[in-house]
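S.K.: here you go, sequence then predicted model.
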Amino acid sequence: MKICLIQTPSPFLLDEKVVPSLGILQVAAVLEEAGHEIVFLDFSGLDKDHMKMLLLAVSDQKIDTYAVTATTPQFPSAVDALGWIREIDPGKKVIIGGPHATVAPTSCEMFDVVVAGDGELAILDAIQPDAPKVFDVSKVKDKGSLMWHWPSRHLIDFASYHYSLNGKPATSMMWSQGCPYGCLWCSGRLIPFYRRQRQRPIDDVVKETEHLLERYGMQGITAYDDEVNIQNEALILLCNGLKPLSLKLRAFIKANLFNDCQAEAMAEAGFVEICSGIESGSDRILGIMQKQTTYDINLRARNIAKKHGIR
């Protein structure tokens, strides 16, 4: 099949060309591995006229199926893309996946197939003629584990993205997926699929990092995991694996799990910055939010990072 994958724009951001979206590029990798031909449209930074023009251009390439990804703020753009496809290339299947489709599948009924969950686990079934209207990955046998493919970054204009850490060219990765916590404001807290933390094999993370260094010259990495320190031993081993690469690293942590052992290993691996959701300086508000942190816990995490030279 010839499949057109569409990355929706993020006009709410100050700069849409910082790091590429990895989820749909993982979906592309699965399709490429299965022998399908991919046409990739990256709408990041484009206005509606340019998006429609690109869709008009690719419609002449005899696309079999279209698939679009969207977060909730991107959803209006996904609906725009659907309307243009119906107008320009009528009769073709249009699939939607991504965070919005996962947490609010009933709002996506205008699409032919709605993928709720990891798209890379569902896409080969979703493109089939008999695919269900809503493909819930968590309810399909043998679909509940992390199946990782390196994102097909070669499909985008990678050089058009610009991000740096401590003055070094950098980009994004995912080392794990999922978060077992139930913070009250998080839509993922109600989805069992998201509540399971799933760790990638450490050697695979290291190999992908080496690939980014060798092919693209990336000397810095931000890991966009919910929290990299949920599994203490795995984090230490990963730090040991990344240390020889002499990179600048950044990631997100859970403050109540952060400790000196983690900080020491992270600093030695090249971590220059960590991020944690403080949310409030009030223990009462933190309790209401079910953060499982306190003012003192957050302050302790900050002081540990400072002690080890990490912002």
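M.R.: Arrived safely. Treat the numbers as computed from the prediction; the structure is a model and nothing was measured.

S.K.: and the strands in the stretch 201-311 of the chain, which stretches?
M.R.: 220-223, 248-252, 271-275 (DSSP state E, counting those that start in this stretch).

S.K.: please tell me how far the residue nearest to Gln219 when sequence neighbours are not counted sits from Lys207.
M.R.: Residue nearest to Gln219 in three dimensions, not counting chain neighbours: Lys168, with 3.9 Å by C-beta to C-beta, 6 or more residues apart in numbering. (C-beta placed from N, C-alpha, C; glycine too.) The spacing between Lys168 and Lys207, counted by C-beta to C-beta, to the nearest Å, is 20 Å.

S.K.: who has more neighbours, these two?
M.R.: Lys168 (16 against 13; other C-beta atoms under 10 Å).

S.K.: and the more buried one, what's its pLDDT?
M.R.: Predicted confidence (pLDDT) for Lys168: 97.

S.K.: is it in contact with Lys248, as I believe?
M.R.: Yes - the pair Lys168 / Lys248 is scored as a contact, 5.0 Å apart, by C-beta atoms under 8 Å.

S.K.: any buried residues in stretch 271-285, and which?
M.R.: Neighbour counts over stretch 271-285 (16 or more other C-beta atoms under 10 Å) mark Phe271, Val272, Ile274, Ser276, Gly277, Ser280 as buried.

S.K.: and these, which two are the farthest apart?
M.R.: Greatest spatial distance among the buried residues of stretch 271-285 (C-beta to C-beta): Val272 and Ser280, at 26.3 Å.

S.K.: the nearest residue to Leu237 once chain neighbours are set aside: neighbouring residues, count only.
M.R.: For Leu237, ignoring the flanking residues on the chain, the nearest one in space by C-beta to C-beta, 6+ apart is Ile202 at 5.3 Å. Residues near Ile202, counting by other C-beta under 10 Å, number 17.
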